[in-house]
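Trainee: Mind folding the following:
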Amino acid sequence: MDPETLSARASSAPPDPGAHADPNQFALLRQRRFAPFFWTQFCGAANDNLFKFAFTVMVTYQLSVSWLPPAMAGLVIGALFILPFLLFSATSGQLTDKFDKTRMIRFVKNLEIAIMLVAAGGFVAGSVPVLLLCTFLMGVHSTLFGPVKFSYMPQVLSERELTGGNGMVEMGTFVAILLGNVAGGLLVALPENGLIGGHATVAVACVVLALLGRAVAQFIPTVPATDPGLAIQWNPFTETWRNLKLARENPVVFRSLLGISWMWFFGAVFLSQFPSFAKEVLHGNEQVASLLLVVFSIGIGTGSLLCEVLSRRHVEIGLVPLGAIGMSVFAIDLYFAARGLPPSETMGLAAFVAQPAHWRVLADLALLSLCAGLYSVPMYALIQMRSQPTHRARIIAANNI
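Mentor: Just a heads-up that it's a prediction; the model follows:
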(Lines give C-alpha, C1' and ligand atoms only; values in the text may rest on other atoms or scores of the structure.)
Protein backbone atom coordinates (compact mmCIF):
# COMPACT_ATOMS: atom_id res chain seq x y z
CA MET A 1 0.00 0.00 0.00
CA ASP A 2 1.36 3.42 -0.93
CA PRO A 3 2.28 5.98 1.78
CA GLU A 4 -0.46 8.41 0.71
CA THR A 5 -3.19 5.81 1.24
CA LEU A 6 -1.69 4.76 4.58
CA SER A 7 -1.64 8.39 5.69
CA ALA A 8 -5.25 8.93 4.62
CA ARG A 9 -6.44 5.82 6.47
CA ALA A 10 -4.57 6.77 9.62
CA SER A 11 -6.00 10.28 9.57
CA SER A 12 -9.53 8.96 9.00
CA ALA A 13 -9.49 6.77 12.10
CA PRO A 14 -11.74 7.99 14.92
CA PRO A 15 -10.02 9.77 17.81
CA ASP A 16 -8.93 7.84 20.86
CA PRO A 17 -11.97 7.34 23.14
CA GLY A 18 -10.03 8.57 26.13
CA ALA A 19 -8.81 11.70 24.43
CA HIS A 20 -11.91 13.71 25.41
CA ALA A 21 -13.54 13.30 28.83
CA ASP A 22 -16.62 15.43 28.16
CA PRO A 23 -19.54 15.06 30.59
CA ASN A 24 -22.17 14.89 27.83
CA GLN A 25 -22.93 15.69 24.19
CA PHE A 26 -23.58 19.39 24.86
CA ALA A 27 -19.89 19.86 25.66
CA LEU A 28 -19.21 19.28 21.95
CA LEU A 29 -20.74 22.69 21.25
CA ARG A 30 -17.75 24.29 22.98
CA GLN A 31 -15.20 22.51 20.79
CA ARG A 32 -13.89 23.62 17.43
CA ARG A 33 -13.98 20.12 15.95
CA PHE A 34 -17.79 20.03 16.32
CA ALA A 35 -19.34 23.45 17.04
CA PRO A 36 -18.64 25.20 13.66
CA PHE A 37 -19.80 22.07 11.82
CA PHE A 38 -23.00 21.90 13.90
CA TRP A 39 -23.94 25.53 13.26
CA THR A 40 -23.04 25.26 9.57
CA GLN A 41 -25.45 22.36 9.06
CA PHE A 42 -28.05 24.10 11.27
CA CYS A 43 -27.99 27.21 9.07
CA GLY A 44 -28.23 25.08 5.93
CA ALA A 45 -31.25 23.11 7.16
CA ALA A 46 -32.99 26.31 8.33
CA ASN A 47 -32.36 27.99 4.98
CA ASP A 48 -33.64 25.01 2.99
CA ASN A 49 -36.93 25.07 4.86
CA LEU A 50 -37.32 28.85 5.04
CA PHE A 51 -36.89 29.02 1.26
CA LYS A 52 -39.16 26.05 0.43
CA PHE A 53 -41.98 26.99 2.81
CA ALA A 54 -41.99 30.68 1.84
CA PHE A 55 -42.06 29.69 -1.85
CA THR A 56 -44.88 27.19 -1.24
CA VAL A 57 -46.99 29.76 0.63
CA MET A 58 -46.32 32.36 -2.06
CA VAL A 59 -47.49 30.09 -4.88
CA THR A 60 -50.41 28.67 -2.88
CA TYR A 61 -51.88 31.90 -1.53
CA GLN A 62 -50.34 34.97 -3.17
CA LEU A 63 -49.62 34.34 -6.84
CA SER A 64 -51.97 33.12 -9.55
CA VAL A 65 -50.07 30.77 -11.86
CA SER A 66 -52.21 28.93 -14.39
CA TRP A 67 -49.68 26.17 -15.05
CA LEU A 68 -49.02 25.48 -11.34
CA PRO A 69 -52.32 25.03 -9.43
CA PRO A 70 -52.08 25.77 -5.68
CA ALA A 71 -53.03 22.20 -4.81
CA MET A 72 -50.01 20.93 -6.76
CA ALA A 73 -47.48 23.52 -5.58
CA GLY A 74 -46.24 21.66 -2.50
CA LEU A 75 -45.94 18.38 -4.41
CA VAL A 76 -43.99 19.94 -7.30
CA ILE A 77 -41.63 21.86 -4.99
CA GLY A 78 -41.00 18.78 -2.86
CA ALA A 79 -40.37 16.59 -5.92
CA LEU A 80 -37.94 19.07 -7.46
CA PHE A 81 -36.01 19.28 -4.20
CA ILE A 82 -35.75 15.49 -3.85
CA LEU A 83 -34.92 14.72 -7.51
CA PRO A 84 -31.18 15.58 -7.16
CA PHE A 85 -30.85 13.00 -4.37
CA LEU A 86 -31.75 10.31 -6.91
CA LEU A 87 -29.60 11.74 -9.69
CA PHE A 88 -26.45 12.94 -7.96
CA SER A 89 -26.06 11.15 -4.60
CA ALA A 90 -23.66 8.59 -6.08
CA THR A 91 -21.45 11.36 -7.49
CA SER A 92 -21.53 13.37 -4.26
CA GLY A 93 -20.45 10.30 -2.27
CA GLN A 94 -17.42 9.85 -4.53
CA LEU A 95 -16.47 13.52 -4.27
CA THR A 96 -16.69 13.39 -0.47
CA ASP A 97 -14.45 10.33 -0.25
CA LYS A 98 -11.91 11.80 -2.68
CA PHE A 99 -11.55 15.36 -1.37
CA ASP A 100 -10.89 17.11 1.94
CA LYS A 101 -14.26 17.27 3.71
CA THR A 102 -13.71 20.79 4.99
CA ARG A 103 -13.07 22.01 1.45
CA MET A 104 -16.23 20.22 0.33
CA ILE A 105 -18.29 21.90 3.07
CA ARG A 106 -16.98 25.36 2.13
CA PHE A 107 -17.61 24.69 -1.57
CA VAL A 108 -21.20 23.66 -0.80
CA LYS A 109 -21.76 26.80 1.29
CA ASN A 110 -20.35 28.98 -1.53
CA LEU A 111 -22.81 27.28 -3.86
CA GLU A 112 -25.64 28.03 -1.43
CA ILE A 113 -24.79 31.74 -1.46
CA ALA A 114 -24.89 31.80 -5.28
CA ILE A 115 -28.24 29.97 -5.36
CA MET A 116 -29.77 32.25 -2.74
CA LEU A 117 -28.70 35.36 -4.63
CA VAL A 118 -30.56 34.05 -7.68
CA ALA A 119 -33.51 33.09 -5.47
CA ALA A 120 -33.56 36.59 -3.96
CA GLY A 121 -34.13 38.00 -7.43
CA GLY A 122 -36.87 35.42 -7.96
CA PHE A 123 -38.67 36.41 -4.74
CA VAL A 124 -38.47 40.13 -5.46
CA ALA A 125 -39.69 39.69 -9.05
CA GLY A 126 -42.26 37.05 -8.11
CA SER A 127 -40.79 34.72 -10.74
CA VAL A 128 -42.02 31.17 -10.21
CA PRO A 129 -39.76 29.58 -12.89
CA VAL A 130 -36.64 31.13 -11.29
CA LEU A 131 -37.68 29.88 -7.84
CA LEU A 132 -38.42 26.40 -9.20
CA LEU A 133 -34.92 26.34 -10.69
CA CYS A 134 -33.50 27.40 -7.30
CA THR A 135 -35.52 24.66 -5.59
CA PHE A 136 -33.80 22.08 -7.80
CA LEU A 137 -30.40 23.70 -7.16
CA MET A 138 -30.97 23.71 -3.39
CA GLY A 139 -31.71 20.00 -3.75
CA VAL A 140 -28.31 19.64 -5.43
CA HIS A 141 -26.77 21.62 -2.55
CA SER A 142 -28.32 19.27 0.02
CA THR A 143 -27.33 16.21 -2.02
CA LEU A 144 -23.70 17.32 -1.88
CA PHE A 145 -23.84 18.14 1.82
CA GLY A 146 -25.47 14.92 3.07
CA PRO A 147 -22.50 12.53 2.65
CA VAL A 148 -20.11 15.20 3.97
CA LYS A 149 -22.23 15.74 7.07
CA PHE A 150 -22.39 12.12 8.16
CA SER A 151 -18.88 11.08 7.12
CA TYR A 152 -17.28 14.11 8.86
CA MET A 153 -18.38 13.08 12.35
CA PRO A 154 -16.66 9.68 12.62
CA GLN A 155 -13.38 11.35 11.65
CA VAL A 156 -13.49 13.86 14.52
CA LEU A 157 -15.52 12.02 17.21
CA SER A 158 -14.59 8.94 19.19
CA GLU A 159 -16.88 5.90 19.48
CA ARG A 160 -18.09 7.17 22.87
CA GLU A 161 -19.03 10.53 21.30
CA LEU A 162 -20.58 9.26 18.07
CA THR A 163 -24.09 8.61 19.40
CA GLY A 164 -24.19 11.97 21.18
CA GLY A 165 -22.84 13.80 18.13
CA ASN A 166 -25.47 12.22 15.86
CA GLY A 167 -28.14 13.03 18.42
CA MET A 168 -27.07 16.67 18.48
CA VAL A 169 -27.09 16.87 14.68
CA GLU A 170 -30.52 15.24 14.35
CA MET A 171 -31.94 17.46 17.10
CA GLY A 172 -30.43 20.51 15.39
CA THR A 173 -31.82 19.46 12.01
CA PHE A 174 -35.40 19.20 13.25
CA VAL A 175 -35.18 22.43 15.26
CA ALA A 176 -33.83 24.11 12.12
CA ILE A 177 -36.68 22.63 10.05
CA LEU A 178 -39.19 23.97 12.56
CA LEU A 179 -37.64 27.46 12.77
CA GLY A 180 -37.19 27.64 8.99
CA ASN A 181 -40.84 26.78 8.34
CA VAL A 182 -42.12 29.21 10.96
CA ALA A 183 -39.86 32.05 9.75
CA GLY A 184 -40.72 31.38 6.09
CA GLY A 185 -44.45 31.47 6.79
CA LEU A 186 -44.27 34.63 8.90
CA LEU A 187 -41.95 36.60 6.62
CA VAL A 188 -43.68 35.85 3.33
CA ALA A 189 -47.00 36.94 4.87
CA LEU A 190 -45.72 40.47 5.60
CA PRO A 191 -47.67 43.07 3.59
CA GLU A 192 -46.12 44.17 0.33
CA ASN A 193 -47.07 47.83 0.79
CA GLY A 194 -44.62 48.38 3.66
CA LEU A 195 -41.10 49.76 3.56
CA ILE A 196 -39.86 46.29 2.70
CA GLY A 197 -42.44 43.69 1.67
CA GLY A 198 -42.68 40.05 2.59
CA HIS A 199 -41.04 38.78 -0.61
CA ALA A 200 -38.03 41.06 -0.24
CA THR A 201 -37.73 40.15 3.44
CA VAL A 202 -37.62 36.45 2.58
CA ALA A 203 -34.98 37.20 -0.07
CA VAL A 204 -32.78 39.02 2.46
CA ALA A 205 -33.26 36.31 5.10
CA CYS A 206 -32.22 33.53 2.69
CA VAL A 207 -29.05 35.36 1.64
CA VAL A 208 -28.14 36.28 5.24
CA LEU A 209 -28.54 32.66 6.40
CA ALA A 210 -26.35 31.45 3.51
CA LEU A 211 -23.67 34.02 4.37
CA LEU A 212 -23.84 33.13 8.06
CA GLY A 213 -23.43 29.43 7.29
CA ARG A 214 -20.41 30.13 5.09
CA ALA A 215 -18.82 32.35 7.75
CA VAL A 216 -19.15 29.64 10.40
CA ALA A 217 -17.81 27.00 7.97
CA GLN A 218 -14.52 28.91 7.83
CA PHE A 219 -13.80 27.75 11.40
CA ILE A 220 -14.26 24.01 10.69
CA PRO A 221 -10.85 22.31 11.09
CA THR A 222 -9.26 20.52 8.16
CA VAL A 223 -10.37 16.90 7.77
CA PRO A 224 -8.34 14.99 5.16
CA ALA A 225 -9.72 12.87 2.34
CA THR A 226 -10.21 9.16 3.06
CA ASP A 227 -9.63 7.93 -0.51
CA PRO A 228 -7.68 10.63 -2.39
CA GLY A 229 -6.74 8.23 -5.21
CA LEU A 230 -10.37 7.49 -6.12
CA ALA A 231 -11.17 7.82 -9.83
CA ILE A 232 -14.53 9.57 -10.16
CA GLN A 233 -17.17 7.73 -12.23
CA TRP A 234 -19.49 10.40 -13.58
CA ASN A 235 -22.28 8.15 -14.90
CA PRO A 236 -24.92 8.54 -12.15
CA PHE A 237 -26.89 5.42 -13.07
CA THR A 238 -24.04 2.89 -13.10
CA GLU A 239 -22.48 4.49 -10.02
CA THR A 240 -25.81 4.44 -8.17
CA TRP A 241 -26.06 0.70 -8.80
CA ARG A 242 -22.42 0.26 -7.71
CA ASN A 243 -23.09 2.20 -4.49
CA LEU A 244 -26.07 0.03 -3.62
CA LYS A 245 -24.02 -3.12 -4.24
CA LEU A 246 -21.24 -1.68 -2.08
CA ALA A 247 -23.70 -1.06 0.75
CA ARG A 248 -25.03 -4.65 0.52
CA GLU A 249 -21.58 -6.11 1.12
CA ASN A 250 -21.99 -5.40 4.85
CA PRO A 251 -25.37 -6.85 6.00
CA VAL A 252 -25.40 -4.85 9.26
CA VAL A 253 -24.83 -1.57 7.41
CA PHE A 254 -27.32 -2.40 4.68
CA ARG A 255 -30.08 -3.26 7.15
CA SER A 256 -29.40 0.00 8.95
CA LEU A 257 -29.77 1.86 5.64
CA LEU A 258 -33.14 0.18 5.06
CA GLY A 259 -34.22 0.99 8.62
CA ILE A 260 -33.32 4.67 8.33
CA SER A 261 -35.06 4.89 4.96
CA TRP A 262 -38.20 3.42 6.50
CA MET A 263 -38.04 5.94 9.36
CA TRP A 264 -37.81 8.88 6.94
CA PHE A 265 -40.71 7.49 4.92
CA PHE A 266 -42.72 7.11 8.13
CA GLY A 267 -41.85 10.64 9.25
CA ALA A 268 -42.48 12.18 5.83
CA VAL A 269 -46.01 10.76 5.81
CA PHE A 270 -46.75 12.52 9.09
CA LEU A 271 -45.08 15.81 8.12
CA SER A 272 -46.88 15.98 4.77
CA GLN A 273 -50.29 15.20 6.32
CA PHE A 274 -50.25 17.64 9.25
CA PRO A 275 -52.25 20.39 7.46
CA SER A 276 -55.02 18.05 6.25
CA PHE A 277 -54.99 16.05 9.51
CA ALA A 278 -55.38 19.25 11.52
CA LYS A 279 -58.18 20.53 9.29
CA GLU A 280 -60.19 17.42 8.39
CA VAL A 281 -59.72 15.21 11.48
CA LEU A 282 -58.92 17.54 14.38
CA HIS A 283 -61.07 20.43 13.06
CA GLY A 284 -58.28 22.92 13.74
CA ASN A 285 -56.94 25.89 11.80
CA GLU A 286 -53.42 26.68 10.56
CA GLN A 287 -52.24 27.33 14.13
CA VAL A 288 -53.18 23.79 15.10
CA ALA A 289 -51.24 22.41 12.12
CA SER A 290 -48.24 24.45 13.27
CA LEU A 291 -48.63 23.06 16.81
CA LEU A 292 -48.45 19.52 15.42
CA LEU A 293 -45.20 20.39 13.64
CA VAL A 294 -43.78 21.91 16.84
CA VAL A 295 -44.68 18.85 18.94
CA PHE A 296 -43.27 16.47 16.30
CA SER A 297 -39.98 18.39 16.01
CA ILE A 298 -39.50 18.68 19.77
CA GLY A 299 -40.25 14.97 20.17
CA ILE A 300 -37.63 13.87 17.64
CA GLY A 301 -35.10 16.29 19.10
CA THR A 302 -35.72 14.99 22.62
CA GLY A 303 -35.47 11.35 21.54
CA SER A 304 -32.24 12.06 19.68
CA LEU A 305 -30.66 13.68 22.74
CA LEU A 306 -31.79 10.84 25.03
CA CYS A 307 -29.87 8.29 22.97
CA GLU A 308 -26.52 9.18 24.53
CA VAL A 309 -27.86 8.79 28.08
CA LEU A 310 -29.72 5.55 27.39
CA SER A 311 -26.80 4.02 25.49
CA ARG A 312 -24.27 5.08 28.17
CA ARG A 313 -22.17 6.85 25.54
CA HIS A 314 -21.74 3.84 23.26
CA VAL A 315 -23.33 2.84 19.95
CA GLU A 316 -26.25 0.84 21.37
CA ILE A 317 -28.34 -0.85 18.68
CA GLY A 318 -30.70 -2.17 21.38
CA LEU A 319 -32.50 1.20 21.28
CA VAL A 320 -33.67 0.49 17.72
CA PRO A 321 -36.35 -2.15 18.48
CA LEU A 322 -37.47 -0.06 21.47
CA GLY A 323 -37.93 2.92 19.16
CA ALA A 324 -39.69 0.84 16.48
CA ILE A 325 -42.15 -0.63 18.98
CA GLY A 326 -42.85 2.82 20.42
CA MET A 327 -43.44 4.33 16.97
CA SER A 328 -45.92 1.58 16.17
CA VAL A 329 -47.77 1.62 19.51
CA PHE A 330 -48.20 5.40 19.64
CA ALA A 331 -49.16 5.61 15.95
CA ILE A 332 -51.92 3.05 16.57
CA ASP A 333 -53.10 4.91 19.67
CA LEU A 334 -53.06 8.17 17.69
CA TYR A 335 -55.50 6.57 15.27
CA PHE A 336 -57.90 5.66 18.08
CA ALA A 337 -57.43 9.00 19.84
CA ALA A 338 -58.30 10.95 16.69
CA ARG A 339 -61.07 8.61 15.52
CA GLY A 340 -63.47 9.35 18.34
CA LEU A 341 -63.39 13.16 18.21
CA PRO A 342 -66.84 14.73 17.77
CA PRO A 343 -67.48 16.98 14.73
CA SER A 344 -67.12 20.69 15.40
CA GLU A 345 -66.44 24.06 13.81
CA THR A 346 -62.87 24.97 12.91
CA MET A 347 -61.00 25.75 16.14
CA GLY A 348 -58.12 28.08 16.88
CA LEU A 349 -55.15 27.11 19.03
CA ALA A 350 -56.70 28.18 22.37
CA ALA A 351 -59.94 26.28 21.78
CA PHE A 352 -58.03 23.21 20.61
CA VAL A 353 -55.76 22.88 23.65
CA ALA A 354 -58.69 23.59 26.00
CA GLN A 355 -60.23 20.19 25.17
CA PRO A 356 -58.75 17.26 27.18
CA ALA A 357 -59.29 14.79 24.30
CA HIS A 358 -56.77 16.69 22.21
CA TRP A 359 -54.04 16.26 24.82
CA ARG A 360 -54.05 12.53 24.12
CA VAL A 361 -53.49 13.27 20.43
CA LEU A 362 -50.57 15.58 21.24
CA ALA A 363 -49.09 13.08 23.72
CA ASP A 364 -49.23 10.29 21.13
CA LEU A 365 -47.56 12.50 18.55
CA ALA A 366 -44.84 13.60 20.99
CA LEU A 367 -44.07 10.04 22.13
CA LEU A 368 -44.19 8.68 18.59
CA SER A 369 -41.64 11.23 17.40
CA LEU A 370 -39.49 10.73 20.52
CA CYS A 371 -39.32 7.02 19.67
CA ALA A 372 -38.36 7.93 16.09
CA GLY A 373 -35.33 9.74 17.51
CA LEU A 374 -34.41 6.69 19.62
CA TYR A 375 -34.80 4.52 16.51
CA SER A 376 -32.72 6.48 13.99
CA VAL A 377 -29.71 7.89 15.87
CA PRO A 378 -28.10 4.53 16.81
CA MET A 379 -28.40 3.33 13.21
CA TYR A 380 -26.69 6.44 11.85
CA ALA A 381 -23.88 5.92 14.36
CA LEU A 382 -23.66 2.22 13.47
CA ILE A 383 -23.33 2.98 9.75
CA GLN A 384 -20.57 5.49 10.46
CA MET A 385 -18.71 3.08 12.75
CA ARG A 386 -19.06 -0.09 10.64
CA SER A 387 -18.43 1.39 7.16
CA GLN A 388 -14.92 1.32 5.76
CA PRO A 389 -13.46 4.86 6.05
CA THR A 390 -12.30 4.80 2.41
CA HIS A 391 -15.87 4.51 1.10
CA ARG A 392 -17.95 5.69 4.06
CA ALA A 393 -19.39 8.68 2.16
CA ARG A 394 -20.48 6.43 -0.72
CA ILE A 395 -22.34 4.19 1.75
CA ILE A 396 -24.12 7.27 3.17
CA ALA A 397 -24.90 8.38 -0.39
CA ALA A 398 -26.55 4.98 -0.95
CA ASN A 399 -28.77 5.78 2.05
CA ASN A 400 -29.73 9.12 0.49
CA ILE A 401 -30.66 7.34 -2.73
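Trainee: Ignoring the adjacent residues along the chain, who's closest to the residue most central in space within the chain?
Mentor: By CA atoms, centre = their mean, the chain has its centre lying nearest to Thr173, at 5.1 Å. Nearest non-adjacent residue to Thr173, counting by CB to CB, 6 or more residues apart in numbering: Ala45, 5.0 Å away. Yep, even glycine has a C-beta here, placed from its N, CA and C like the rest.
Trainee: can you give me the helices for the stretch 251-400 of the chain?
Mentor: Assigned by DSSP state H, counting those that start in this stretch, the stretch 251-400 of the chain shows helices spanning 251-276, 286-310, 319-339, 349-353, 356-386, 392-400.
Trainee: between the ones you listed, which gets nearest to Asp227?
Mentor: helix 392-400 (8.7 Å; CB to CB).
Trainee: So which residues make contact with the closest one?
Mentor: 85, 89-90, 92-94, 96-97, 143, 146-148, 150-151, 154, 226, 243-244, 246-247, 253, 257, 260-261, 383-384, 387 (CB atoms under 8 Å, 6 or more residues apart in numbering).
Trainee: Tell me if I am right that Pro221 is in a strand.
Mentor: No: using DSSP: H, G, I helix; E, B strand; the rest coil, the secondary structure at Pro221 is coil, not a strand.
Trainee: Do I have it right that it meets Arg32?
Mentor: Yes: counting by CB atoms under 8 Å, Arg32 is a contact partner of Pro221 at 5.9 Å.
Trainee: about what we covered before: check what pLDDT the residue nearest to the centre of the chain gets.
Mentor: pLDDT, Thr173: 89.
Trainee: Give me the neighbour count for Thr302.
Mentor: 18 (other CB atoms under 10 Å).
Trainee: give the contact list for it.
Mentor: Per CB under 8 Å, 6+ apart, neighbours of Thr302: 171, 370, 373.
Trainee: Leaving out the residues flanking it, which one is nearest to the second one?
Mentor: In space, and not counting its chain neighbours, Leu370 is closest to Gly303: 3.9 Å by CB to CB, 6+ apart.
Trainee: same question, the first one
Mentor: In space, and not counting its chain neighbours, Met171 is closest to Gly301: 3.8 Å by CB to CB, 6+ apart.
Trainee: cool, Ala331 as well?
Mentor: Leu368 (5.6 Å).
Trainee: And Phe219, by the same measure?
Mentor: Pro36 (3.9 Å).
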